[in-house]
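Asker: Pasting the sequence and the predicted coordinates here, then a few questions.
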Amino acid sequence: MNKITMFSRVYGCIAGLALGDAYGIIGQFSLDANKQMWGSMPKDLMEPKKFPEDPTVHAGMKRGEITDDTMAMMAIVSSVIKYGDLTLDGVANGLVKWIEETDGFNLPWVGPSTQRAIRSLMEGGDPKTTGSHGTTNGSSMRVAPIAFLGYPDIKKVSEYAVISAKPTHGSCTATSGASAIACATACAAVTGSELEDIVFAAMKGADIGEVYGVPYYQNPSIARRIEWAVDLISNDKSDEDKLKDIYDFIGTSMLTHETVPAAIAYVVMAKGDPMEAIKISTWGGGDCDTLAAITGAICGAYRGVEALSIDMLETVDAVNNIDLELISKRYYEVVQNINPKLID
């Protein structure tokens, strides 16, 4: 087996997130709804159907089009490239710039926590506190590439993840979720890591990240829910039954304490294969594009960009007028300057 280069892991993470987002836009609110809409799991990127046949916020989007998952990720990655490091003000400025340039308040899929916090930032709010009430999965969906700033130090990865979350998602459930995904990604990028190592890193990151957030009235342990979610799929049931168990017991909504455990379980179900993870994350129903983006990013770091569909990536680049490889190269160069441990 050829050695996976660190650049391949960085590119795989960024591209896997975007590809998961673009594939996941066809996802419906449940497995049964997906089966009714598509019959069987699509093998390629598909165009969402028109409203009202498709009742989701993605109705009528183009095949391969990205949403806020990728846009927010690229806003933060671009801020690191611009400022030479990840800073609270840099994250805030990057996210505001993204919303201004895309008329983001009128995009149907930009989440409530993000919208509320960015309005506050535009009004002069302090990025240390603008995200205090952000509890949804907006910080978890965009965080994966930040893992390389602290790699392989889980505590340092967690600190960076919290910085990336705070301006919009500063509640303890959101900082816990962001830290869990970043730490899972960092572990996935370590040569020789096993799936159980990634799960443990996610749980460890969740516990570390929770401490840095604003206490929230509904804050079930994300670490324990990750353990539960993985246990639910560690049996001889069919994949469809496993997806139903995750949907029914863990949940797959935009709530962080549902999204993050479900995503880690899907990574394990897919055995770290990014294309498989993206597809099952979508097929299970719920906040499908975000789940597929997160799992695509973790598994992209695990297997490298070579494990992704080149044809699909070319479609995503063309449809959205972006160059994921170029973005990844620029980010990799800057991160190497920040983190001398990021070596092959």
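Answerer: Cool, the structure landed.

Asker: what about residue 84, how many neighbours?
Answerer: 12 (other C-beta atoms under 10 Å). C-beta: built from backbone N, CA, C; applies to glycine.

Asker: Show me the shaky parts of the stretch 1-150 of the chain.
Answerer: Applying pLDDT under 70 to the stretch 1-150 of the chain picks out residues 1.

Asker: Do you have the helices of it handy? List them.
Answerer: 6-24, 31-38, 68-83, 88-102, 112-122, 138-142, 147-150 (DSSP state H, counting those that start in this stretch).

Asker: Nearest to residue 186, out of the ones you listed?
Answerer: For these, proximity to residue 186 was assessed by C-beta to C-beta; helix 147-150 is nearest, at 4.0 Å.

Asker: contact partners of that closest one?
Answerer: 9-10, 13, 80, 86, 156-161, 182-183, 185-186, 189, 301, 332, 335, 338-339, 342 (C-beta atoms under 8 Å, 6 or more residues apart in numbering).

Asker: just stretch 28-38 next, same as before
Answerer: Residues contacting stretch 28-38 (C-beta under 8 Å, 6+ apart): 26-27, 41, 46, 49, 53-56, 240, 243-244, 247, 282-286, 288.

Asker: now do stretch 209-220
Answerer: Residues contacting stretch 209-220 (C-beta under 8 Å, 6+ apart): 132-133, 135, 158-159, 161-162, 165, 170-180, 221-223, 257.

Asker: what do you get for stretch 250-257?
Answerer: Under C-beta under 8 Å, 6+ apart, the answer for stretch 250-257 is 111, 135-137, 139-140, 169, 173-174, 176-177, 219-220, 222, 225, 228-229, 232, 246, 258-259, 261-262, 265, 284-288, 290-291.

Asker: Mind checking which of these are in strands?
Answerer: Here DSSP state E is the test, and those give no hits in strands at all.

Asker: can you count the residues close to residue 315?
Answerer: With other C-beta under 10 Å as criterion, residue 315 counts 19.

Asker: what's the answer for residue 36, then?
Answerer: There are 10 residues near residue 36, going by other C-beta under 10 Å.

Asker: where's it relative to residue 29, distance?
Answerer: Per C-beta to C-beta, to the nearest Å, residue 36 is found 11 Å from residue 29.

Asker: nearest residue to residue 159 other than its sequence neighbours?
Answerer: In this structure, residue 159 finds its nearest non-sequential neighbour in residue 150, 6.8 Å apart by C-beta to C-beta, 6 or more residues apart in numbering.

Asker: ignore the last one, residue 119
Answerer: Using C-beta to C-beta, 6+ apart, the closest residue to residue 119 is residue 105 (7.7 Å).

Asker: could you list every residue that touches that neighbour?
Answerer: Contacts of residue 105 (C-beta under 8 Å, 6+ apart): 99, 115, 119.

Asker: From residue 92, how far out is the last one?
Answerer: When C-beta to C-beta is applied, the distance between residue 119 and residue 92 equals 12 Å.

Asker: Could you do the second one as well?
Answerer: In this structure, residue 115 lies at 14 Å from residue 92, with C-beta to C-beta as the measure.

Asker: who has more neighbours, the two?
Answerer: Using other C-beta under 10 Å as the criterion, residue 115 and residue 92 rank with residue 92 on top: 25 against 17.

Asker: I'd like the distance between that one and residue 84.
Answerer: 16 Å.

Asker: now residue 270
Answerer: Counting by C-beta to C-beta, the gap from residue 270 to residue 84 is 35 Å.
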